[in-house]
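**Q** everything below, folded, please.
(one chain, ligands or ions: 2)
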Amino acid sequence: MLRLCQRANASCGACCGLYNGQDHSRAALTDELWRRTRALARTEQTEPAFQACGARLSEGTGAPVFPSVRVCPLLGFLDAAGTRIGCLAHPLATGGPDLRAAGVYDVTTCEAFLCPSHAWLSEEEAQLAEAACADWHLYGLVVTDVPFLRAVLGAVAGVTGQRVERRHLEHGSFKKALRALLAMKEELEPGSEGLFGAFRPGRDGEPVPRRIDYEQLERGASPYDQILLSIGADPRSGNDLDLLEEEIRRRLDACRAALPEPGKAARRGA
Ligand code: SF4
Ligand code: SF4
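**A** Numbering: from 1, shown residues only. Ligands and ions are numbered 1, 2, ... in the order given. Coordinates of the predicted model:
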């Protein structure tokens, strides 16, 4: 069965509310995850103690972007180097007790929840996201946005004439170029909502589909419409559509230049 949350080289915490804050930059989230990790490491491993610590950690952290999605203070770093994120209340993290009931959901919900990407992504697509992103911040953004990942892979196939396969990522320069394209998810204007894919918060806090109003902009639809939607190029999100479109084109060109020609790739792989 496809598993996306904890993979050999990637981990995700999106459904624990990781990105559901006003500042979801890598730097801000890294600081927050360390703050939680250090506080919980000093906390007695009991449910009341974890609950109290979680409540203190949640104080003054600001309003979530989507009020209907909870932000759990028990998500943190699982390793000393800060390369893997996950639930610090899980028995595998505590080394014994299951303290997940001290978080924002009950244990059954935490245990059973699988986001929709599990139903939509293939193992091959998951492997491509894992290999290309190679860190928790970008991986979580990409693996939870299936239309974005597919649009990027489709656009790369469009400019290179080759379907992107796992073996292509063994070429360092192509892997770097593909990562740079995916990383447009992380490079939005401050305050942008775009990290949340093709959705923005509705009046009731629920995600509502985003749409780029090309008519109002007096221009035709972009060939990269889905990518632009997913990175928040909707001008209402505070980003510049034309600049982002040009940047996509530039990064796609870099992918095309870096991908070995079919003959060369086959000889190397042979
Ligand atoms: S958002 Fe999906 S992939 Fe990420 S931790 Fe949750 S269930 Fe796993
Ligand atoms: S307790 Fe549940 S919601 Fe909180 S970090 Fe753990 S798995 Fe995520």
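
**Q** can you report how many residues neighbour the nearest residue to Pro260 once chain neighbours are set aside?
**A** Leaving out its chain neighbours, the residue that sits closest to Pro260 by Cβ to Cβ, 6 or more residues apart in numbering is His171, at 5.8 Å. Bear in mind the C-beta positions are built from the backbone N, C-alpha and C, glycine included. By the criterion of other Cβ atoms under 10 Å, His171 has 17 neighbours.

**Q** distance check, His171 against Leu74.
**A** Separation of His171 from Leu74 (Cβ to Cβ, to the nearest Å): 39 Å.

**Q** can I assume Glu68 sits in a helix?
**A** Actually, residue 68 is Ser rather than Glu. No: Ser68 sits outside any helix when classified using DSSP: H, G, I helix; E, B strand; the rest coil, being coil.

**Q** all strands of the stretch 101-250 of the chain, in order?
**A** 199-201, 207-209 (DSSP state E, counting those that start in this stretch).

**Q** any idea which of these has the lowest pLDDT on average?
**A** Lowest mean pLDDT of the strands of the stretch 101-250 of the chain: strand 199-201, a mean of 64.

**Q** thinking again about what came up before, thought the residue nearest to Pro260 was touching Ala257?
**A** No: under the criterion of Cβ atoms under 8 Å, His171 makes no contact with Ala257, lying 11.6 Å away.

**Q** can you give me the helices in the stretch 1-150 of the chain?
**A** Along the stretch 1-150 of the chain, the segments classed as helices by DSSP state H, counting those that start in this stretch run 26-41, 47-58, 91-94, 107-112, 117-120, 123-133, 136-143, 146-160.

**Q** for ligand 1, what are the nearby residues on the stretch 1-150 of the chain?
**A** Residues of the stretch 1-150 of the chain found near ligand 1 (Cβ under 6 Å from any ligand atom) are 4-5, 12-15, 113-115, 117, 140, 143-144.

**Q** can you pull the contacts of whichever residue of the stretch 101-250 of the chain sits closest to ligand 1?
**A** Relative to ligand 1, the nearest point of the stretch 101-250 of the chain is Cys115 (3.1 Å; Cβ to the nearest ligand atom). By Cβ atoms under 8 Å, 6 or more residues apart in numbering, the contact list for Cys115 reads 4, 14-15, 144.

**Q** what would those residues look like in TSV with neighbour count?
**A** Output for the contacts of Cys115, formatted as TSV (neighbours: other Cβ atoms under 10 Å):
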residue	neighbour count
Leu4	23
Ala14	24
Cys15	21
Thr144	23
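
**Q** so where's the longest helix in this protein?
**A** Counting by DSSP state H, the longest helix found in the chain is helix 241-258.
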